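Q: attaching a predicted model along with its sequence, questions to come.
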Amino acid sequence: MKKISSILILGLAVLWCNIGFAQNQLKSNNTIIKFFSETPVENIDAICKEAVSILSIPKNQMAFSVPIKCFKFKNALMEEHFNEKYMESHQYPNATFAGTITDQIDFKNDGDYKFNVSGKLKIHGVEREINLPATAIVKQGKISLNADIMVKLVDYKIEVPTLVFNKIAEEIKVSIQSTYNNK
């Protein structure tokens, strides 16, 4: 666990440097990443409660770092296959995203805000430009973020053996939930 925490902190430090240090930079240690694969044969879902996110309000930038091994499945064998055969988490321990908020948002005022973040998502050693549609809920100075995105396995060179091809969707729904601390 210490190794995962060290790797996560190092990865986040790199993303943090890309965002730059600033006042009004918020951190979320309470970031939850879920994914869901739906096929006629089998549904697969997993959850990670160890992701970290940074929101830099002055620079309109956001970053996430997700340790791949933190995903928990209902089935231990699925979790093992996910880490060893598909995600190769020993070689690619983290997924990351760093991007710029492209819409004007006043994070000082309470309300629900829909916006987009344009940035780079890196999974399985492959980095791609994406647009992340998100919603921020600001209430009494506390900011919560929700986002959903569809990720195509082929885009990130994640290979699915033909034996189980009908059990794993070609596109996976990824959901993000973050709550940012003001301190």
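A: On my side now, so go ahead.
Q: where does pLDDT dip in the protein?
A: The model of the chain has pLDDT under 70 over residues 1-23, 163-165, 182-183.
Q: the same query, at a cut-off of 90, please.
A: Applying pLDDT under 90 to the chain picks out residues 1-25, 30, 38-44, 78, 81, 85, 106-108, 140-141, 159-170, 181-183.
Q: export stretch 167-183 as PDB, just CAs?
A: What follows is the C-alpha trace of stretch 167-183 in PDB, where atoms were taken according to Å, rounded to 0.1, in the frame of the first residue of the first chain:
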ATOM      1  CA  LYS A 167     -18.100 -10.700 -22.100                       C
ATOM      2  CA  ILE A 168     -16.300  -7.300 -22.200                       C
ATOM      3  CA  ALA A 169     -17.700  -4.200 -24.000                       C
ATOM      4  CA  GLU A 170     -15.600  -2.400 -26.500                       C
ATOM      5  CA  GLU A 171     -16.500   0.800 -24.800                       C
ATOM      6  CA  ILE A 172     -16.400   1.300 -21.000                       C
ATOM      7  CA  LYS A 173     -18.400   3.900 -19.100                       C
ATOM      8  CA  VAL A 174     -16.200   5.700 -16.600                       C
ATOM      9  CA  SER A 175     -17.800   7.800 -13.900                       C
ATOM     10  CA  ILE A 176     -15.900  10.300 -11.700                       C
ATOM     11  CA  GLN A 177     -17.000  11.900  -8.400                       C
ATOM     12  CA  SER A 178     -14.800  14.400  -6.600                       C
ATOM     13  CA  THR A 179     -15.400  16.600  -3.600                       C
ATOM     14  CA  TYR A 180     -12.700  19.300  -3.100                       C
ATOM     15  CA  ASN A 181     -11.500  20.500   0.200                       C
ATOM     16  CA  ASN A 182     -11.000  24.300   0.600                       C
ATOM     17  CA  LYS A 183      -7.800  23.700   2.600                       C
END
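Q: what's in contact with that stretch?
A: Identification of contacts with stretch 167-183 by C-beta atoms under 8 Å, 6 or more residues apart in numbering yields 26-39, 41-42, 44, 51, 53, 55, 64, 134, 141-154, 160. The C-beta positions use only the backbone N, C-alpha and C, and glycine is treated the same way.
Q: in that stretch, what's buried?
A: 168-169, 172, 174, 176-180 (16 or more other C-beta atoms under 10 Å).
Q: mind putting the residues you listed into JSON lines with secondary structure and distance to Thr102?
A: Shown next, in JSON lines, are those (DSSP: H, G, I helix; E, B strand; the rest coil; distance: C-beta to C-beta, whole Å):
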{"residue": "Ile168", "secondary structure": "coil", "distance to Thr102": "32"}
{"residue": "Ala169", "secondary structure": "coil", "distance to Thr102": "28"}
{"residue": "Ile172", "secondary structure": "strand", "distance to Thr102": "24"}
{"residue": "Val174", "secondary structure": "strand", "distance to Thr102": "20"}
{"residue": "Ile176", "secondary structure": "strand", "distance to Thr102": "17"}
{"residue": "Gln177", "secondary structure": "strand", "distance to Thr102": "21"}
{"residue": "Ser178", "secondary structure": "strand", "distance to Thr102": "18"}
{"residue": "Thr179", "secondary structure": "strand", "distance to Thr102": "22"}
{"residue": "Tyr180", "secondary structure": "strand", "distance to Thr102": "19"}
